[in-house]
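S.K.: Kindly generate the corresponding structure for this input.
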Amino acid sequence: MQCPRCGATVVARAHFCPVCGQPLVSDAGAVATGHVTSRVYPATPFPTLPLAGDDALVPNPPATPTPPTQAHPVVRQWQRWWWKILLIGMGLYLAVNSVFLRTQNAYLLPQLFMIGAFLVPVAYIAYLYEDGTLYDVPLSKIALIFFFGGVVGSLVATLLEARLITSDTRGLFGQLTLLNATIVGFSEELAKLVVLIPFLLMARRRYPSVMHGIVLGAAAGMGFAAFESMGYAFGTLIESRGNLDIMNQVIGLRALLAPLGHGTWTAIIAAALWREQISQRFALNANVLVGFLVAVILHLLWDWVGLPLTIGGLPVIHILLGIVGLLILRFFLVVAKGGQGAAYQERNLAAALRLYASDLRHTTRGVLSRKQRP
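M.R.: Numbering: from 1, shown residues only. As a prediction, this is how the structure comes out:
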């Protein structure tokens, strides 16, 4: 359903809009039919008075409900936990890092790996939950798909890469060769499907919308990113012979880029999967293959390009690839919110993405031309 005040998409079980704090209530009859609407609290009857010349009683014109004060949504924003998790986690990471530097106690290293690798993915999932998208999904299920996306996905990807990669040569910018980057992208995205497909088969009736696919796919992808980052942190510490500064740089960079990488790629695949099962049947068809190939292409480019250009320590090309991924994910977000237009109504995903790209180009040109006018 949609919030009557700000228009944000809100799940049916939510009592408040997570964006503006507007109280919501679902009509009982609408819930029974699966079509959920919303109205503003309080839903109390208005007094009735007789009209002149008529014995019947009719209701007075309804008074306009007093909108909530602007302070209410601010309070609700401050009550959220995702940013608290992020700040507290950063403080704990700095504290553990400082104590380790002073004491050189190697038993603190696992804490550094754990906090550094899991902090941003956990805060990201907490944000999705508190944003209202996952109110109807129990936290236990989110934690399970996060955990299995990381553990099972990493195991399957490692086995596939060990079988398929035969050369350890480096590519153009010191990263993987194009062939190896393709193998890694294919293996890791396929590995995450091993987690997503069984979950879809078990939960497609209870969590049927494309929005569910997006956020649950993002959860699986961020779980994979967290476990992978922990492995990278450990490997970097060994290769650098205990250089904690280099390890901190790797953890920080991977934490910043995780939502633009694995979180976005897996969300695209999951959105394509859930988009095809809206008709209550599960299908691995050409549209799902298109979503999978889009994620693999973004992934292989990410691994192949490397870090040839950085600004402020951030890799420019990776940021651009992340923006492209987010724009593609935006297509599925609009679909989830019932977007109108040829691109969102087209069932062929390849054709729909072409139409969507064309619309983006026209919109961008229009904005640029307006800015250039005197």
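S.K.: which other helices and strands contact the longest helix along the chain?
M.R.: For the chain, the helix that runs over the most residues, judged by DSSP state H, is helix 210-239. Using 3 or more Cβ pairs under 8 Å, 6 or more residues apart in numbering; DSSP states H and E, the elements in contact with helix 210-239 are helix 109-130, helix 139-164, helix 178-203, helix 244-257, helix 262-276, helix 316-336. Any C-beta I mention is one placed from the backbone N, CA and C, and that applies to glycine too.
S.K.: Tell me what angle the first one forms with helix 244-257.
M.R.: Interaxial angle, helix 109-130 versus helix 244-257 (axes from the mean of the first three to the mean of the last three Cα atoms, to 10 degrees): 10 degrees.
S.K.: Using neighbour counts, pick out the buried residues of helix 109-130.
M.R.: 109, 111-113, 115-130 (16 or more other Cβ atoms under 10 Å).
S.K.: hang on, the earlier thing: okay if I get the helices and strands packed on helix 210-239 as CSV plus distance to Gln372 and mean pLDDT?
M.R.: As requested, these are arranged in CSV below (distance: least, Cβ to Cβ, whole Å; pLDDT from 0 to 100):
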stretch, distance to Gln372, mean pLDDT
helix 109-130, 37, 88
helix 139-164, 45, 92
helix 178-203, 38, 90
helix 244-257, 33, 89
helix 262-276, 31, 94
helix 316-336, 22, 93
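S.K.: among these, which is the most enclosed?
M.R.: helix 262-276 (a mean of 27; mean count of other Cβ atoms under 10 Å).
S.K.: Report the buried residues of the following helix or strand past that one.
M.R.: Next along the chain after helix 262-276, taking DSSP states H and E as the criterion, comes helix 286-305. For helix 286-305, a neighbour-count test (16+ other Cβ under 10 Å) marks 287-288, 290-305 as buried.
S.K.: Kindly format the C-alpha coordinates of helix 286-305 as CSV.
M.R.: Output of helix 286-305 as CSV, limited to C-alpha atoms (Å, rounded to 0.1, in the frame of the first residue of the first chain):
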residue,chain,number,x,y,z
ALA,A,286,15.0,-16.1,-20.6
ASN,A,287,14.1,-13.1,-18.4
VAL,A,288,15.8,-14.5,-15.4
LEU,A,289,18.8,-15.3,-17.6
VAL,A,290,19.0,-11.7,-18.7
GLY,A,291,19.0,-10.5,-15.1
PHE,A,292,21.7,-13.0,-14.2
LEU,A,293,23.9,-11.9,-17.2
VAL,A,294,23.5,-8.3,-16.3
ALA,A,295,24.8,-9.0,-12.8
VAL,A,296,27.7,-11.2,-14.2
ILE,A,297,28.8,-8.5,-16.6
LEU,A,298,28.8,-5.8,-13.9
HIS,A,299,30.7,-8.2,-11.6
LEU,A,300,33.4,-9.2,-14.2
LEU,A,301,34.0,-5.6,-15.1
TRP,A,302,34.4,-4.8,-11.5
ASP,A,303,37.1,-7.5,-11.0
TRP,A,304,38.8,-6.9,-14.4
VAL,A,305,39.3,-3.2,-14.3
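S.K.: Describe which strands the helix or strand just after it pairs with in its sheet and in which direction.
M.R.: Per DSSP H and E, the first helix or strand lying C-terminal to helix 286-305 is strand 310-311. Sheet pairing of strand 310-311 (DSSP bridges) gives strand 314-315 (antiparallel).
S.K.: OK, contacts around the most centrally placed residue in the chain?
M.R.: Centroid check for the chain by Cα atoms, centre = their mean gives Ala218 as the closest residue, at 4.2 Å. Listed by Cβ atoms under 8 Å, 6 or more residues apart in numbering, the contact partners of Ala218 are Tyr124, Ile125, Leu128, Gly263, Thr264, Thr266, Ala267, Ala270.
S.K.: OK, contacts around the last one?
M.R.: I take that to be Ala270. Each residue near Ala270 by Cβ under 8 Å, 6+ apart is listed here: Leu196, Leu200, Gly213, Ile214, Leu216, Gly217, Ala218, Ala220.
S.K.: For stretch 245-258, output the C-alpha coordinates as CSV.
M.R.: Provided in CSV are the C-alpha atoms of stretch 245-258 (Å, rounded to 0.1, in the frame of the first residue of the first chain):
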residue,chain,number,x,y,z
ASP,A,245,47.4,0.0,8.1
ILE,A,246,47.1,-1.9,4.8
MET,A,247,44.5,-4.3,6.3
ASN,A,248,42.4,-1.3,7.6
GLN,A,249,42.5,0.2,4.1
VAL,A,250,41.2,-3.0,2.5
ILE,A,251,38.5,-3.4,5.1
GLY,A,252,37.4,0.3,4.7
LEU,A,253,37.4,0.2,0.9
ARG,A,254,35.4,-3.0,0.7
ALA,A,255,32.9,-1.8,3.3
LEU,A,256,32.3,1.4,1.3
LEU,A,257,31.9,-0.5,-2.0
ALA,A,258,29.9,-3.5,-0.7
